[in-house]
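In: Generate a structure from the sequence data that follows.
(one chain, ligands or ions: 1)
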Amino acid sequence: MPADPEGLHERARQADKIVKNPSRYKICQGCESIVVASAVTCPSCHSYRFDDNAQAVAEQARRLAQRERQSVLAIDFE
Ligand SMILES: [Zn+2]
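Out: Residues are numbered from 1 along each chain as shown. Take a look at the predicted model:
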């Protein structure tokens, strides 16, 4: 989990990173979280179905950045 899960600034920063490199991420179709493209299953809901359309990922990142935390935004596993 992020160290500062409530921080909107942190979320905006993360979202910006995703918007610039959407091909490195994908959207979980189970819970709409954005996960790294290398993830096999969603760390949040354990779904294995993803949408890896780059444009959809960028749009979802922008949407999630403006929300209170509901869905997880980009969990980095590196
Ligand atoms: Zn999920």
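In: What ranges in this protein fall below the confidence cut-off?
Out: Scanning the chain for pLDDT under 70 picks out the ranges 1-6, 68-78.
In: go again using 50 as the cut-off
Out: Residue ranges of the chain with pLDDT under 50: 1, 77-78.
In: so what's the residue positioned nearest the centre of the chain bridging to?
Out: Note on the chain: the residue nearest the mean C-alpha position is Ile34, at 2.2 Å, using C-alpha atoms, centre = their mean. Note on Ile34: beta-bridge partners Ile27, Leu73, judged by DSSP bridges.
In: correct me, but it touches Ile18?
Out: Yes - Ile34 is within contact range of Ile18, at 6.1 Å (criterion: C-beta atoms under 8 Å). (Glycine included, C-beta is placed from N, CA and C.)
In: Get me the contact residues on this protein for the ion.
Out: When proximity is defined by C-beta under 5 Å from the ion, the chain lies next to the ion at 28, 30-31, 33, 42, 44-45, 47.
In: In strands only, show me the residues you listed.
Out: Counting by DSSP state E, the part of the residues of the chain next to the ion found in strands is Cys28.
In: Filter the residues of the chain next to the ion down to the buried ones.
Out: Among the residues of the chain next to the ion, those classed as buried by 16 or more other C-beta atoms under 10 Å are 28, 33, 42.
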